[in-house]
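J.: Just a sequence and a predicted model for now, questions to come.
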Amino acid sequence: MTLLNKHKIVPGEAICQCVERSISMVIGMMAIEMVGGVYCPLSPRDPQQRLYVLVQQTHSRLVLLHHLTRTKFQNDIISLDIDLVMINSDFRAEIDTDQLSITGITSEDIAYIIFTSGSTGIPKAAQIRHRNVIQCTHSMFLVNAVNEKDTVIQIARCSFDVHVLDIMGTLQLGGTLIMLHPDGILDLEYFASVLARKQVTYIQAVPSLLRAVFTFIRDTRGEPCTVDLCKLITNCQQQKCAIWNFYGPAETIICTYHCIELETNANKIPIGLSMPNYRCLVLDEYLQSMPVDQEGELYVGGVGVFAGYLRCADLTAQVLIEVDDKTFYRTGDLVRVDNNGWLHYVTRKDFQVKLHGQRIELGEIERCLLNTSISACVVSKWNEDHLVAYIQSSDVNEKQLRRHCQSHLPPHMVPSFFVLLDKLPLNANGKIDRKLLSPSHFSQLSSTLVTNSTKSIQPTNEIEFSIHRIWCDLFQQKQISTNTSIFSIGGHSLLLMQLLYRYKNEFDLQTNILSVSDLFQHPTILTHAQLIHQTLNITQKHLDHHQWYPLHLTLARASLAQERIILHEQIAFSSKNTTKNMYVIPFLYRIASASTPISVSRLCHAFQSLIAKHSALRTALYVDVNGAIVQHCIDATIIISDFQSHGFSMINLNHDNNRRTTDVIKEILDQADLFDLSKGRVIRCHVLRRSQSSVDNVLDEAGDVITNDDLILISVHHAMFDGTSVAIFLHDLSLAYDDGCLLSVDKNALEYIDYSVYEQIIDMTSSREFWKSQLEECNLERSLSLPIDRSRSSSSQRSGLAATAQITFDNETAASFLDYASEHHLTPFQLGLATFYVFLYKMTHGQTDLCISCLNANRYRSELQDVIGMFVSTLPYRMQLDSYWSFDELVKHVREKCLTILEHSHYPLQHILADHHLNQSNASFLETMFDFVTTSDSADQFCLSSAHLEQEPLEQSYDVAKFDLSLGFVYNSSSENSQLSCCFQCSHDLFDQSTVLIIARRFEFLFKQCFQPKENDDMLRKSSTSIDKLSLILQKESEEMQGGIFYRLQNIVDEGM
């Protein structure tokens, strides 16, 4: 409905979609069709320049994207993120669904456009009508190739028209559709497991892919189908299966079929008979029928013939031919008809070829190459897997040509080989003689290219030798240089699939860390060896008992803490009601004194130096093709440049007297684009200039310095930063500013991305058992009976707005609290937690099984102490109280509980939830949280050269509520006054501000009952009496209650008389 109501899409309007295989692809496709639009799929694998050409060709004013393709287009293209639309749960209330009923769509309207290779160098846009798709699907149903009982797996890329039939046709028939993840066809192990687990009954794929899959099964887009392949498939199936050979160019969808019977003695598989409601003619150049077994050109008529090429009337006229007053499509394929009426494919009439099912006009590649500095070229197909480009030039090299093709052509059209010649061979007529260009053997060609490409570099270690042996075996070579790109010697995606399988067997890789995408991006023996070395390091056994070493990774799965934050942000705070950045860590510093002003440019360089040193500050988080949240450490030079333009800014407050500083800070922290995790924008610095800047009474016109009373606001996303990171950050910021140069980077130091890998492979068996026993028979979905003002909604969405109440304890009460902790060998955290348990017990009117969340720093190894990142874990602390316990007894149980949890605090929250069949939205212990922070005056200060900066408190208007109710203590060990304070932070969705103030007053009253000065013997005895005797009734309330009782007693006396 966004397409209709927001973007005003009208019937017949072309809408491009650039989306990887996913549920988003299906939703986008169906949405376009429902509003009467024309679906125009764009392949995310295509270079950006080609994508822009295709968008311009369709005149599409909108491109649908999703999280994996957001960066494919710049801001000059209007785009719509399908994932963001789906996440917005309140969207249905805002849309007008009645518009769908008035959208007029007829069978003659265009359903989709598919791009095919064009000999002129420009792709042709074939227009397919709705009736073409519907009736082609019906024809397949009539021949019993597929029906409503089938489970269909969608594997074709969106550049291949079969993907439309897979999705639309299956849903039209009422079948079950299985969507692989985007790179699923490149992982044979995953692909084979999906076929088995989902009990797939129908696969439509090109023979080369089927051969790879079923060869893999045996051992552990259209192209000619062979007999040996059919036998291979049949031998791999326990149950009888039907093998269909379908034929049809994009312009006719599928027009012939043949159900293969292996019992016959045929050497070649025919393309079969015309589909129902189709008509196939074999004609000569004069449009006369050819006799049986004579070659002729195939013309296709009937229900599937397309409407023509978009805005190419001349090309359309060349291929849509009238025969007997009926429209036929001229295929350009030479075929023959046998005595049984079966069609047999022979060859092409022109220079069009098919490679792995994709139709390719060689002329398009040749025209692309001629845009370089070459004088002539010829491209031809060699074997079934390769394109070879023969180049006449003396001043260009293979790398330049390959880069040019990669930036202008889709991957399947980039030649495998580039052969440089002084002159192309000519025949007697002065034309290029293609026959003289083809080498007698493929191995001869690849061997020549391998030998002549670069100076051969030999393997140097055991892993390289093993990989070299595998490559030589696959390419049938005796020698391949370790720095040779696999694509320069004929490599392609199917070969990479085989390589991955061979690597897993050769090196016993029991992990999914290595993927075909990794091999694709690092295409040499040398880089493959590095990838495997890293993978072997990661999968060492008992890593938790040995030192953790840097893995030098740039891409890995997100840490469990990062996953928790991202998921919580999506589940609880993704609605339009959430107006705050929920996971921002802001800290504000005021320049208290500066004998020398702070240079703004130098400060910016210091931030850039920190970004270069700490990879977490230049790490992107996004969902990868497998649906997993991953982190990608972006090159420092990219983020440093980006930070200068997007991450660092200065605001002159002295120019606008009407804007309060607090308002400006609130505006900054509430900015929707404060961060962009997908691009690695995770840190911001805002310099707030309040003073009239002058140096020696001379106005600083350049505005490059700040001085006394000016502010520096630093904001970091919590997914990359925690409380412990602040001290590390400020120390290095001061160092970088003082030195005025880049900080030294220790290549042997552990990075945050290394930690995220190690934590997911250490043995957690004992911790799993511990947490299972801790939470045994606990009702983890039962919420505490808190005094809320509004009921919890069925939705887990929250606004993030907070109602807060601050308590500052007097020095005597604070001292009594600390003395009690010391005498009973407790940490302040443990004693504060015990007090909170008592408060919850009383506030919930006697609930004794209390389970709440507590935060743990989780830096449980020495290697993690100086690493910036998000390590904090959120864990359930369950306490089963006895109402007869004294406070002294309770604190002993709390102390023991905390000590036992400490050993298992690294066990991730996600694992705890999964072990108990919960998620973040229904685990009640995540509604209530306790924390205790110890700080000092020195921790709130730092220096930049001679300038002294002090931390300023942020107003409560910046507070956000991630929990329903949370209590946080702050203890300042160096302060003479206000040593101890606490703050209640409650969700405004549930609590009014007045209610939170009352809750805070009751807690303060309880706290003082437990921790009065020692000389007060009455209060001291409270710690040894039953916790049930402690009270939350405030003195004023008690007086009112007593007054009510006495009033009632007087009435009773009067009535008795």
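T.: Right, received. Where do you want to start? Numbering: from 1, shown residues only.
J.: what about residue 970, which SS state?
T.: strand (DSSP: H, G, I helix; E, B strand; the rest coil).
J.: How about the one 4 residues further on?
T.: Recorded secondary structure, residue 974: coil (three-state DSSP).
J.: Name the nearest residue to it, sequence neighbours excluded.
T.: Counting by C-beta to C-beta, 6 or more residues apart in numbering, residue 974 lies nearest to residue 936, which is 4.2 Å off, once chain neighbours are set aside. For glycine as for every other residue, the C-beta is placed from the backbone atoms N, C-alpha and C.
J.: And residue 885, by the same measure?
T.: Nearest in space to residue 885, with sequence neighbours left out and distances taken as C-beta to C-beta, 6+ apart, is residue 1027 at 5.7 Å.
J.: If we go by neighbour counts, what in stretch 588-599 is buried?
T.: Of the residues in stretch 588-599, those buried by neighbour count under the rule 16 or more other C-beta atoms under 10 Å are 588, 589, 590, 591, 594, 597, 598, 599.
J.: Looks like the residue nearest to residue 885 contacts residue 838 (just checking).
T.: Yes: with contact defined as C-beta atoms under 8 Å, residue 1027 reaches residue 838; the gap is 5.2 Å.
J.: which residues are common contacts for those two?
T.: Common contacts of residue 1027 and residue 838, defined by C-beta atoms under 8 Å, 6 or more residues apart in numbering, comprise 887, 890.
J.: Where do the helices of the stretch 801-950 of the chain begin and end?
T.: Remark: helices assigned in the stretch 801-950 of the chain by DSSP state H, counting those that start in this stretch are 811-823, 828-843, 887-902, 909-915.
J.: Buried residues of the first one, list them for me.
T.: Read that as helix 811-823. Those would be 813, 814, 815, 816, 817, 818, 820, 821, for helix 811-823 by 16+ other C-beta under 10 Å.
J.: Closest one to residue 34 out of those residues, please.
T.: residue 817 (64.1 Å; C-beta to C-beta).
J.: Can you give me the pLDDT of the residue lying closest to that closest one once chain neighbours are set aside?
T.: Spatial nearest neighbour of residue 817, chain neighbours left out: residue 1011 (4.4 Å); criterion: C-beta to C-beta, 6+ apart. The confidence metric pLDDT takes the value 89 at residue 1011.
J.: Surely residue 1011 and residue 820 touch.
T.: Yes: with contact defined as C-beta under 8 Å, residue 1011 reaches residue 820; the gap is 6.1 Å.
J.: give me the number of residues near residue 859?
T.: 19 (other C-beta atoms under 10 Å).
J.: Could you report the pLDDT at it?
T.: Residue 859 is given a pLDDT of 87.
J.: What spatial separation is found between it and residue 761?
T.: Separation of residue 859 from residue 761 (C-beta to C-beta, to the nearest Å) stands at 18 Å.
J.: got it, and residue 79?
T.: For residue 79 relative to residue 761 (C-beta to C-beta), the value is 38 Å.
J.: Check residue 639 too.
T.: For residue 639, the distance to residue 761 - C-beta to C-beta - is 28 Å.
J.: Report all helices and strands that the strand or helix carrying residue 196 contacts.
T.: Element membership for residue 196 (DSSP states H and E) is helix 188-197. Where contact means 3 or more C-beta pairs under 8 Å, 6 or more residues apart in numbering; DSSP states H and E, helix 188-197 is packed against helix 207-219, helix 493-507.
J.: mean pLDDT for these: which is lowest?
T.: In terms of average pLDDT, helix 207-219 trails the rest of the helices and strands packed on helix 188-197, at a mean of 70.
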